[in-house]
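>>> Quick one: sequence and predicted model below, then my questions.
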Amino acid sequence: MKIHEYQAKELFKQYGIEVPFSVLCESRGQIEQAIKKTGVPCVIKAQVHSGARGKAGGVKLAKDFQSAVKFAGEILGMELKSSQAGIKKVNKILVEQAVSIEKELYLSLTFDRTNECIAFLVSSCGGMDIEETAKISPEKIHTCLIKDTFNPVETVKCLGFESDITEKIARIAQNLYNLLIEKDASLVEINPLVITGNKEVKALDAKINFDDNALFRHEDIIALKDEQEENPYELEAQKYGLNYIKLDGTIGCMVNGAGLAMATMDVIRLAGKDAANFLDVGGGASSEKIEKAFKLLISDRNLEAVFINIFGGILRCDFLAEGVKNAIKTLDVKCPVIVRMEGTNKQQGAEILNNSGLRFTVVNDLNEAIEVIKNI
C-alpha cells in the first residue's frame with residue numbers, strides 16, 4: 001500500500017524527522033490562504049502516488065505570491081504523466097515552505113530479498129537524478145545490509161561530513177529504521193534529504209510503502225489509503241478476495257496460482273501478444289467467485305480475447321466451467337474465450353462448456369493455446 005507525500009511527512013514528524021512547514025490544498029479556494037500561511041518562496045507539489053513528479057511538471061518553485069497562485073492553479077487538477085506511474089490526475093497539492101539547499105542527499109530502507117535482510121541505502125547525490133546516478137555511477141550509492149544490529153553513525157560516515165552533520169543524518173537514519181519496523185513498511189525513502197544553509201537537516205520529500213499483509217495490525221495506516229489513487233479494477237477485485245493487477249496488453253487471463261499466472265503471461269508473449277492483467281482466483285475459488293472474476297476480467301474494454309488457464313486441484317474444473325458459463329450467460333461477451341483445464345474433473349468441465357451453447361474454444365495444451373491466440 002502506498003500513501004501520499006504529505007501523509008508520509010506526518011509519520012516522519014511522529015518519528016522525529018524534521019520536514020518543512022506545509023499546507024495541503026484540495027480545492028482552488030484553499031490555494032491563496034495556504035500560500036499566505038507558508039509564505040514565499042514556496043514549493044507547489046502534486047500529491048499523487050508516483051515518483052518523478054518534478055520531471056513531469058508536478059513540482060514547481062514559486063518565488064513570489066503571484067507565481068505561487070499561478071503554479072498551484074496549473075498543478076491542481078492537471079493530468080500528470082510520469083515515467084513511473086503513467087497518467088495520474090492531481091486532486092491534491094502541497095504548498096510547502098522553501099528552504100535554502102546546500103546539499104542534497106538520498107536515504108532509504110527497504111528489504112533485500114536475496115540476502116533476506118533490510119538494506120540501508122545512502123548517497124551524497126540525492127535529488128531528481130538519483131535513478132540516473134544508480135545507472136551511470138552505482139558506486140555513489142552505498143548499501144549497508146542490516147543482518148543483526150544497525151549502526152547508522154558508522155554507515156553514514158561514508159558521506160564525508162563533519163561529525164555534527166553526520167550525527168544528525170545518523171539520527172534520521174535510525175528513526176527511519178524504527179518507522180520501517182514498527183509500521184511494517186516495505187520501503188521508506190527520503191529524496192532529497194537536504195542540508196540547509198544554516199546546517200539543518202530536513203526531509204524535503206517522503207515516500208513510504210507498506211506491506212499489505214501486515215495492514216491488519218495498523219488501522220491508522222489503513223485509514224491513509226486514498227482510493228482515488230487506486231486502479232478501479234484492482235479495488236473491485238479486492239472486494240471478492242481476488243488477486244488482480246492491471247497491465248497494458250490485450251489478452252485477459254484468469255488462472256489459479258501466481259506461478260501459473262507468470263507462466264501464462266509467458267505463453268501469451270510467445271503467441272505475440274501481451275497480457276491485459278494478472279488475475280489469480282486462488283486455489284479454493286467457488287463457481288460464484290469465478291463468475292465475479294470473469295465479469296471483472298471482461299470489463300476491460302481493451303480485450304481482444306480471454307485466456308483461462310486452470311489447474312484443477314482444490315479448484316475443480318467443473319466449478320470453473322459453471323462459473324464461467326454463468327458469467328457469459330448474463331454478459332454481452334464479444335471477444336473469444338479460450339479455456340485450458342487440467343486436473344480434477346477436467347472432463348466434466350469440458351462437457352459443461354461444450355454443451356452450454358455458448359462460444360468457447362477449449363484447448364488441450366499450451367501449444368494449442370499459443371496457436372489459437374496467434375490467430376486472434
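On my side now, so go ahead. These numbers were taken from a predicted model, which means no experiment stands behind them.
>>> Buried residues in the helix ranked longest in the chain, which are they?
Secondary structure assigned by DSSP state H gives helix 163-182 as the longest helix of the chain. Going by neighbour count (16 or more other C-beta atoms under 10 Å), the buried part of helix 163-182 is 165-166, 168-177, 179-180. The C-beta positions use only the backbone N, C-alpha and C, and glycine is treated the same way.
>>> try stretch 62-74
Quick answer for stretch 62-74 (16+ other C-beta under 10 Å): 62, 67-69, 71-72.
>>> can you give me the mean pLDDT across that stretch?
What stretch 62-74 shows for mean pLDDT is 97.
>>> cool, stretch 320-329 as well?
Averaging pLDDT along stretch 320-329 yields 82.
>>> returning to what we had before: what are the contacting residues of the longest helix of the chain?
Around helix 163-182, the neighbours that count as contacts under C-beta atoms under 8 Å, 6 or more residues apart in numbering are 11-12, 15-17, 105, 107-109, 118, 120, 122, 146, 150, 152-153, 155-157, 159, 161, 185, 188, 190, 193, 195, 199, 201, 203, 208.
>>> Could you identify the buried members of these?
11-12, 15, 17, 105, 107-109, 118, 120, 122, 146, 150, 152, 155-156, 159, 161, 185, 188, 190, 193, 195, 201, 203, 208.
>>> Give me the distance between the two termini of stretch 38-53.
One end of stretch 38-53 sits 21 Å from the other (C-alpha to C-alpha, to the nearest Å).
>>> gap between residue 331 and residue 325?
11 Å (C-beta to C-beta, to the nearest Å).
>>> who's more crowded, these two?
Between residue 331 and residue 325, counting by other C-beta atoms under 10 Å, residue 325 is the more crowded of the two (21 against 13).
>>> Now do the buried residues in the host helix or strand of the more buried one.
In this assignment (DSSP states H and E), residue 325 forms part of helix 317-330. Neighbour-count burial for helix 317-330, with 16+ other C-beta under 10 Å as criterion, is recorded at 317-328.
>>> what's the closest of those to residue 215?
Using C-beta to C-beta, residue 323 comes nearest to residue 215 of the buried residues of helix 317-330, at 28.6 Å.
>>> in what helix or strand does the residue lying closest to that closest one once chain neighbours are set aside lie?
Using C-beta to C-beta, 6 or more residues apart in numbering and skipping the chain neighbours, the partner closest in space to residue 323 is residue 290 (2.7 Å). Assessed by DSSP H and E, residue 290 sits inside helix 287-298.
>>> got the angle for that helix vs helix 317-330?
50 degrees (axes from the mean of the first three to the mean of the last three C-alpha atoms, to 10 degrees).
>>> List of residues touching helix 287-298?
With C-beta under 8 Å, 6+ apart, helix 287-298 has contacts from 233, 236-237, 240-242, 244, 252, 254, 277, 279, 281-282, 285, 303, 306, 319-320, 322-324, 326-328, 331, 333, 335.
>>> make it 6 Å
Residues from elsewhere that reach helix 287-298 (C-beta atoms under 6 Å, 6 or more residues apart in numbering): 236-237, 240, 242, 252, 254, 281, 306, 319-320, 322-324, 326-327, 333.
>>> hmm, back to that, tell me which of the buried ones among the contacts of helix 163-182 fall in strands.
105, 107-109, 118, 120, 122, 146, 185, 188, 190, 193, 195, 201, 203, 208 (DSSP state E).
>>> Nearest to residue 129 among those residues?
Set against residue 129, the nearest of these by C-beta to C-beta is residue 105 (13.1 Å).
>>> Surely that closest one is in contact with residue 126?
Yes - Residue 105 is within contact range of residue 126, at 4.5 Å (criterion: C-beta atoms under 6 Å).
>>> just to revisit the earlier point, and the helix holding residue 325, what does it pack onto?
Secondary-structure packing of helix 317-330 (3 or more C-beta pairs under 6 Å, 6 or more residues apart in numbering; DSSP states H and E): helix 287-298, helix 346-354.
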